[in-house]
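Student: dropping a prediction and its sequence here:
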Amino acid sequence: AQKITQTQPGMFVQEKEAVTLDCTYDTSDQSYGLFWYKQPSSGEMIFLIYQGSYDEQNATEGRYSLNFQKARKSANLVISASQLGDSAMYFCATILTGGGNKLTFGTGTQLKVEL
Amino acid sequence: DTAVSQTPKYLVTQMGNDKSIKCEQNLGHDTMYWYKQDSKKFLKIMFSYNNKELIINETVPNRFSPKSPDKAHLNLHINSLELGDSAVYFCASSPPRGVMNTEAFFGQGTRLTVV
């Protein structure tokens, strides 16, 4: 079974600064997908970014980028120019080929953006 | 247009009662899921259905019974509710199995409180 580790239960960042949220995963599969989701205090789950295990370039979506280091099995999320609205819980998740499209989530990182 | 909608958003009920949560998606996806988010924000998959067929059942007590009348609906029925069932339940949907590079779309969640 795959295991996702997010070692930072809470993070603080100042507005306009960049922040990196860590995620490591443990799988023996060669083909898999990596996702980051945001959950604000209102509770909904918002998709942010996707990285495929065979993608050679790091994924980027606006202010979000994924620092994918396959050999280290890490998929850190980088948020540039933090905004107050980025304060939320952030979840890393993986999906395996043949796993029934099941997303397995990490324990999450609570990010607080300060003035 | 709401992609994945679940009702009710809030549900407060007494121990021992039976309750249902409904979920519908209008995305044309083949696969639907139920996730449970506990008080520590940990998200765990409960069930997954593909075209009305159960494909994942993650050691969930058999008091929980999913029902998929068609591929756009996946309802969750819970018998003999217990205090430990209090959580937020998320419905989600995704494209067919094997398509990894598309995210799962989540409903807004149902906060179940058992008293």
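Tutor: Okay, I see it.
Student: quick one: residue B:84 is in a helix?
Tutor: Yes. Residue B:84 sits within a helix when classified using DSSP: H, G, I helix; E, B strand; the rest coil.
Student: who's the closest residue to it other than its chain neighbours bridged to?
Tutor: Using CB to CB, 6 or more residues apart in numbering or on different chains and skipping residues adjacent in sequence, the residue nearest residue B:84 is residue B:114, 7.9 Å away. (C-beta placed from N, C-alpha, C; glycine too.) Going by DSSP bridges, residue B:114 is paired in beta bridges with residue B:13.
Student: then residue B:19?
Tutor: Taking DSSP bridges, one obtains residue B:78 as the residues bridged to residue B:19.
Student: quick one on the thing from earlier: does the residue nearest to residue B:84 touch residue B:11 like I think?
Tutor: No. Applying CB atoms under 8 Å, one finds residue B:114 not in contact with residue B:11, separated by 9.0 Å.
Student: picking that back up, measure the residue nearest to residue B:84 to residue B:83 for me?
Tutor: For residue B:114, the distance to residue B:83 equals 5 Å [CB to CB, to the nearest Å].
Student: who has more neighbours out of those two?
Tutor: With other CB atoms under 10 Å in any protein chain shown as the criterion, residue B:114 and residue B:83 differ in neighbour count, and residue B:114 comes out ahead with 19 against 9.
Student: which residues does that one contact?
Tutor: With contacts defined as CB atoms under 8 Å, 6 or more residues apart in numbering or on different chains, the neighbours of residue B:114 are B:13, B:14, B:15, B:81, B:82, B:83, B:84, B:85, B:86.
Student: nearest to chain A among those residues?
Tutor: The closest of those to chain A turns out to be residue B:86 (CB to the nearest CB; 14.7 Å).
Student: and the residue most central in space within chain B, what's its pLDDT?
Tutor: For chain B, the residue nearest the mean C-alpha position is residue B:34 (2.8 Å; CA atoms, centre = their mean). The score at residue B:34 is 95. That number is its pLDDT.
Student: can you mark which positions in the one helix or strand in chain B whose mean pLDDT sits lowest are buried?
Tutor: Among the helices and strands of chain B, strand B:53-57 carries the lowest confidence by mean pLDDT, DSSP states H and E, at a mean of 85. Using 16 or more other CB atoms under 10 Å in any protein chain shown as the test for burial, strand B:53-57 gives B:55, B:56.
Student: again with stretch B:26-46
Tutor: Along stretch B:26-46, these residues count as buried under the neighbour rule (16+ other CB under 10 Å): B:29, B:30, B:31, B:32, B:33, B:34, B:35, B:36, B:37, B:43, B:45, B:46.
Student: TSV for these, including secondary structure and distance to residue B:63?
Tutor: Supplementary listing: the buried residues of stretch B:26-46 in TSV, determined by DSSP: H, G, I helix; E, B strand; the rest coil; distance: CB to CB, whole Å:
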residue	secondary structure	distance to residue B:63
B:29	coil	27
B:30	coil	27
B:31	strand	24
B:32	strand	20
B:33	strand	19
B:34	strand	13
B:35	strand	17
B:36	strand	13
B:37	strand	18
B:43	strand	20
B:45	strand	17
B:46	strand	12
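Student: a markdown table please, covering the residues you listed and showing distance to chain A.
Tutor: As requested, these are arranged in a markdown table below (distance: CB to the nearest CB, whole Å):
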| residue | distance to chain A |
| --- | --- |
| B:29 | 10 |
| B:30 | 9 |
| B:31 | 5 |
| B:32 | 10 |
| B:33 | 8 |
| B:34 | 12 |
| B:35 | 8 |
| B:36 | 11 |
| B:37 | 9 |
| B:43 | 4 |
| B:45 | 6 |
| B:46 | 11 |
